[in-house]
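Visitor: got a structure for you, letters missing:
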């Protein structure tokens, strides 16, 4: 079975990951149509990938009766409307994280999805499909131990440095200014709905850091340990681009660090699990360069002997892994682990974090 795919949004993530991967997976997918508000970007992608149909309106994708599945890769503030429309018109849907920017809209989509049980909707949390993460989960299930401390972080240099040396990105200059302004207003309205009117600029930026970058780490940790019991403390600085968060789980504490304002070439995205006589360290590499290795480091102390084991390197692309999983879920009518309902827990936690930031700011 080959699925006809329509892609909404042809920006950076589509060009770096989804388009080349879908093109490679010719036994599973056929890219039938793409849609973007930039005419020049549409034309560039149509020619590059030899795609038959290109549209300026995403609705042309969702009403196309020949399209089986829709990939929603647009800016976050447009996810709700495109996912909603695609589900109502009988499409399977893959939507990049975050599924929406506010809880109210996400709850609407969860309720809507329940009315279409034979359709698959999947959220793109690609780190939960990385080989190093899956190996850590396997070891924790096969040999369970009590976790005593958890440390996870995203201390990174953003994409332009990597992109400039790898895959060239087509950046259009023909998007009408009124559409850009409408999109900004939509984002601001959704952030207002999510956070309330008493939120500072720093807190709004912190929330967007969490929904944009942090949700990868929080979602992965949640798969291993569930949601935290409480947010013990939270602090933000540098206009919300630097965060430190302390969380309480069942029987242990965790710290999360997000640093997204440095110019040092570094991608330190890591989950470290401390279990007294065992430590598991899941290492992620930058997604801006495909086919980099990921590793799992396991340090153990048994009967006076210290031993370290490195699992990997694993060169499988987590983006490709999750796109293959999306296909398998459709083929077998099986729900993925990264559902809309699953992603709701992240937004609920992020709201609690922002509330904690507000309280700490007022003290």
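Guide: The structure has been received and is ready for your questions. Quick caveat: nothing in here was measured; it's all calculated off a predicted structure.

Visitor: now the strand or helix carrying residue 283, how far from the centre of its chain.
Guide: Residue 283 is part of strand 278-284, with elements assigned from DSSP states H and E. In terms of C-alpha atoms, centre = their mean, to the nearest Å, the centre of strand 278-284 is set 20 Å apart from its chain centre.

Visitor: quick check: mean pLDDT of it?
Guide: What strand 278-284 shows for mean pLDDT is 96.

Visitor: and the residue nearest to residue 128 when sequence neighbours are not counted, how far is that from residue 56?
Guide: Closest residue in space to residue 128, ignoring its immediate chain neighbours: residue 220 at 5.2 Å, by C-beta to C-beta, 6 or more residues apart in numbering. To be clear about C-beta, it is placed using only N, CA and C from the backbone, and glycine gets the same treatment. In this view, residue 220 and residue 56 are 36 Å apart by C-beta to C-beta, to the nearest Å.

Visitor: the more surrounded of these two?
Guide: Using other C-beta atoms under 10 Å, the more surrounded residue of residue 220 and residue 56 is residue 220, with 24 against 12.

Visitor: which residues touch that one?
Guide: Contact analysis of residue 220 by C-beta atoms under 8 Å, 6 or more residues apart in numbering lists 125, 127-128, 133, 271, 282.

Visitor: how many neighbouring residues does residue 30 have?
Guide: Residue 30, neighbours per other C-beta under 10 Å, totals 18.

Visitor: next structured bit after the helix or strand where it lies?
Guide: Secondary structure from DSSP H and E places residue 30 in strand 29-35. Per DSSP H and E, the first helix or strand lying C-terminal to strand 29-35 is helix 39-49.

Visitor: only the buried residues of that next one, if you could.
Guide: Buried residues in helix 39-49, counted by 16 or more other C-beta atoms under 10 Å: 41-42, 44-46.

Visitor: per-residue confidence for the residue nearest to residue 261 when sequence neighbours are not counted?
Guide: Distances taken as C-beta to C-beta, 6+ apart place residue 241 nearest to residue 261, at 4.1 Å, with adjacent residues excluded. Here, the pLDDT recorded for residue 241 equals 94.

Visitor: and after the lowest-mean-pLDDT helix or strand in the chain, which helix or strand comes next?
Guide: Lowest by mean pLDDT, DSSP states H and E among the helices and strands of the chain is helix 160-163, with a mean of 81. As assigned by DSSP H and E, the chain's next helix or strand after helix 160-163 is helix 177-195.

Visitor: low-scoring pLDDT stretches of the chain, where are they?
Guide: Low-confidence segments of the chain (pLDDT under 70): 361-363.

Visitor: pull the longest helix from it.
Guide: Longest helix in the chain, counting residues (DSSP state H): helix 340-362.

Visitor: buried ones in that one?
Guide: Using 16+ other C-beta under 10 Å as the test for burial, helix 340-362 gives 340-344, 346-347, 349-358.

Visitor: ok, the residue lying closest to residue 205 once chain neighbours are set aside to residue 97 distance?
Guide: Counting by C-beta to C-beta, 6+ apart, residue 240 is the residue found nearest to residue 205 once chain neighbours are left out, at 3.0 Å. According to C-beta to C-beta, residue 240 and residue 97 sit 19 Å apart.

Visitor: cool, and residue 29?
Guide: Using C-beta to C-beta, one gets 20 Å for the distance from residue 29 to residue 97.

Visitor: isn't residue 211 right up against residue 98?
Guide: Yes: the pair residue 211 / residue 98 is scored as a contact, 4.3 Å apart, by C-beta atoms under 8 Å.

Visitor: shared neighbours, the two?
Guide: Residues touching both residue 211 and residue 98 by C-beta under 8 Å, 6+ apart: 76, 346-347.

Visitor: tell me if residue 123 really is in a helix.
Guide: No: counting by DSSP: H, G, I helix; E, B strand; the rest coil, residue 123 falls outside a helix, being strand.

Visitor: how much space separates it from residue 102?
Guide: In terms of C-beta to C-beta, residue 123 sits 15 Å off from residue 102.

Visitor: more neighbours: these two, which one.
Guide: Neighbour count, other C-beta under 10 Å: between residue 123 and residue 102, residue 123 has more, with 30 against 21.

Visitor: wait, doesn't that one sit right on residue 100?
Guide: No: using C-beta under 8 Å, residue 123 makes no contact with residue 100, being 10.0 Å away.

Visitor: show me how far stretch 158-170 is from its chain's centre.
Guide: With C-alpha atoms, centre = their mean, you get 19 Å for stretch 158-170.
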